[in-house]
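got a predicted structure here, sequence first:
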Amino acid sequence: MNVSIPEKAVFTALRTFLVSVLPPSVEVIRAQVNRVASPKGPFVTMTPLSRRRLATNVDEFNDASLIGSIAGTVLTVTAVSFGIVRVGAPVYGDGVLDGTTVTASNPDGTFTVSQAQTVASRPLFAGVGEYMQSTEITIQLDVYGAGSADNTQIISTLFRDEYACASFSASGYDVQPLYTSEPRQMPFITGENQYEDRWSIDVVLQANPVVTAPQQFAGALSVVLVPVP
């Protein structure tokens with residue numbers, strides 16, 4: 001199984017937006033990373049706070065019938081009767097090892113499968129169910145250093161604007177900005193008991209990740225009459 005929008009993609013899309021609106025001297029990093037020192041100069045940390053379901057799942061099912069062969073971990077498809085071969089799909093067919101799934105789509109049109117094996121060209125099947133959960137994601141931004149109040153103002157203004165929507169759309173992932181909390185000033189005391197400027201703001205996004213899971217489909221149905229005594 002796989003998720004179409006991993007957490008890393010959400011942080012990448014958010015960081016791309018932040019880097020585009022903040023001064024070049026401001027670094028943007030993920031918080032809660034062990035053994036990583038704070039940057040010198042102004043910086044922003046991103047801390048995940050929560051994920052909240054927004055709606056009931058939207059389910060779709062995709063069956064695929066194809067002619068293909070497997071050599072090692074490479075699946076070569078020569079014909080597709082119907083459907084689309086998708087990453088995460090199980091591969092069924094005579095001689096195919098149980099538990100074989102498609103793990104990657106390759107630039108040359110072949111696919112990578114999870115288990116090495118040799119299967120001569122024959123009918124194969126690769127069906128999946130796709131389950132989308134619209135999710136509200138809240139991330140805390142802590143803005144440090146000189147100009148942190150102004151930088152927070154920039155974030156809170158543009159995050160609620162079409163500018164941010166365009167930035168997130170360019171990421172290629174189904175992620176969009178929703179709103180921000182009110183910025184709050186939170187003093188930071190260093191190890192030398194010195195105050196550093198720090199402002200904090202929560203940004204709220206919507207992501208629509210799709211979980212792909214194996215799904216078998218019937219190849220044929222037989223309808224018969226059952227006598228009732």
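Yep, that arrived. Residues are numbered from 1 along each chain as shown.

for the protein, what's the longest strand?
When the chain is scanned for its longest strand (criterion: DSSP state E), the result is strand 65-82.

give me the contacts around the helix or strand of the chain with the lowest mean pLDDT.
Counting by mean pLDDT, DSSP states H and E, the weakest-scoring helix or strand in the chain turns out to be strand 188-189, with a mean of 74. When contacts are defined by Cβ atoms under 8 Å, 6 or more residues apart in numbering, strand 188-189 is touched by residues 144, 195-198. In short, each C-beta sits where N, CA and C put it, glycine included.

so which elements touch the helix or strand where residue 158 lies?
In this assignment (DSSP states H and E), residue 158 forms part of helix 148-159. Contact partners of helix 148-159 among helices and strands, from 3 or more Cβ pairs under 8 Å, 6 or more residues apart in numbering; DSSP states H and E: helix 7-21, strand 135-144, strand 175-180, strand 198-207.

ok, back up a step: state the mean pLDDT of the longest strand of the chain.
Averaged across strand 65-82, the pLDDT comes to 94.

go on, stretch 10-28?
Mean per-residue pLDDT for stretch 10-28: 95.

and what of stretch 207-215?
Averaging the model's pLDDT scores along stretch 207-215 yields 88.

mind listing what's buried along it?
By neighbour count, with 16 or more other Cβ atoms under 10 Å as the criterion, the buried positions of stretch 207-215 are 207-210, 212, 214.

and the contacts of it?
Outside stretch 207-215, the residues that reach it (Cβ under 8 Å, 6+ apart) are 1-5, 10, 61, 63, 86-90, 101, 127-135, 137, 173-175.

looking at those residues, which are in helices?
Using DSSP state H, the members of the contacts of stretch 207-215 that fall within helices are residue 10.

mean confidence score for stretch 130-143?
In this model, stretch 130-143 carries a mean pLDDT of 96.

same check on stretch 38-56?
Across stretch 38-56, pLDDT averages out at 93.

can you tell me the distance between the two ends of that stretch?
Between the start and the finish of stretch 38-56 there is a gap of 40 Å, counting by Cα to Cα, to the nearest Å.

possible to save the helices and strands packed on helix 148-159 as CSV with distance to residue 30?
Listed next are these as CSV, based on distance: least, Cβ to Cβ, whole Å:
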stretch, distance to residue 30
helix 7-21, 6
strand 135-144, 10
strand 175-180, 16
strand 198-207, 14
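
for the ones you listed, which one sits closest to residue 166?
Comparing those by their distance to residue 166 (Cβ to Cβ), the top pick is helix 7-21, with 9.5 Å.

for the closest one, buried residues please.
Neighbour-count burial for helix 7-21, counted by 16+ other Cβ under 10 Å, picks out 9-11, 13-15, 17-18, 21.

and residue 176, how far from residue 160?
When distance is defined by Cβ to Cβ, to the nearest Å, residue 176 is 12 Å away from residue 160.
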